[in-house]
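J.: Let's see this in three dimensions:
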Amino acid sequence: MARFPQFGEDHLNGATLGPQLVASGAILGAGANAESAIMEGLRIQLGPKLTADVLPATITNWTDDELTQHIIRPNGLRLATIWSAFARGYSLSELVELSHINIGLLAIVQHLAQLHQALSQHPGDMDLLKEAKRYGITDASIAQRWDMTADQVAALRDELAVQPTFKAIDGGGRSSTPRGRTTLVLVPKTNHEWALNPASLSLPPRVRTCG
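T.: Numbers count the residues shown, from 1 in each chain. So this is what the prediction gives:
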């Protein structure tokens, strides 16, 4: 489980955050491991700003100097900016020094960035597909890197017997197999891709569908 702040649109442009409280709520990213929980949280937090399920398009156009400044200064796009820095070749030690963020969290983001790069470099690699699904990468994201449709990726996934699982999240953020009536039921469309079950009751107002 990963908890992300929910920022308004005006704070998802890279603007520096100050001491004032600007988050309007929180997002829970659910997954079988830290990588998949972070992937889920980023997808919900950044939504339509994402390019191929990972980076807002604005970040990909920044110069290295602009990128570095957004790593140093707290802002609503900071985690995605760090991801972009790994993709550009920044080292883990460099980003720890620039951001002063826990090395464990940065290592997880580095792993995700490396996995996405490997997908681009090795289209059709079935072992890599299985690993990607384990860490919460969507069929659509893999399809874009492999020049396929999401349905074609899903067919490959079926060959590996990688199938969706069903989980529920209770009010305390605990994940379990649904039994009876739950407040929030998450039904993954593909392995580790979560979407809200329309039959769920009493959904919090800021819960959003993703996938």
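J.: When you work out contacts or count neighbours from here on, use the C-alpha atoms and nothing else.
T.: OK.
J.: Quick check: which helices or strands does the longest helix along the chain pack against?
T.: In the chain, with assignment by DSSP state H, the single longest helix is helix 103-121. Using 3 or more Cα pairs under 8 Å, 6 or more residues apart in numbering; DSSP states H and E as the contact test, the elements touching helix 103-121 are helix 34-46, helix 78-87, helix 92-99, helix 126-134, helix 139-146.
J.: any idea of the mean pLDDT in the second one?
T.: The one in question is helix 78-87. Predicted confidence along helix 78-87 averages 89 (mean pLDDT).
J.: now it against helix 103-121, angle please.
T.: 60 degrees (axes from the mean of the first three to the mean of the last three Cα atoms, to 10 degrees).
J.: Need phi/psi at residue 56.
T.: Note on residue 56: its backbone torsions stand at phi -60, psi 140 [degrees, to the nearest 10].
J.: Burial check on it, number of neighbours?
T.: Neighbourhood size, residue 56 [other Cα atoms under 10 Å]: 21.
J.: Check residue 141 too.
T.: That count, for residue 141 with other Cα under 10 Å as the rule, works out to 19.
J.: pretty sure residue 150 contacts residue 139?
T.: Yes - using Cα atoms under 8 Å, residue 150 makes contact with residue 139 at a distance of 5.2 Å.
J.: So between these two, which is more surrounded?
T.: residue 139 (25 against 17).
J.: Pull up the gap between that one and residue 61, please.
T.: According to Cα to Cα, to the nearest Å, residue 139 stands 25 Å off from residue 61.
J.: list the buried ones in stretch 77-97?
T.: Buried residues in stretch 77-97, counted by 16 or more other Cα atoms under 10 Å: 77-87, 92, 95-96.
J.: export those to JSON lines and tack on distance to residue 117?
T.: Shown next, in JSON lines, are the buried residues of stretch 77-97 (distance: Cα to Cα, whole Å):
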{"residue": "77", "distance to residue 117": "20"}
{"residue": "78", "distance to residue 117": "20"}
{"residue": "79", "distance to residue 117": "17"}
{"residue": "80", "distance to residue 117": "15"}
{"residue": "81", "distance to residue 117": "16"}
{"residue": "82", "distance to residue 117": "15"}
{"residue": "83", "distance to residue 117": "11"}
{"residue": "84", "distance to residue 117": "11"}
{"residue": "85", "distance to residue 117": "13"}
{"residue": "86", "distance to residue 117": "10"}
{"residue": "87", "distance to residue 117": "7"}
{"residue": "92", "distance to residue 117": "16"}
{"residue": "95", "distance to residue 117": "18"}
{"residue": "96", "distance to residue 117": "21"}
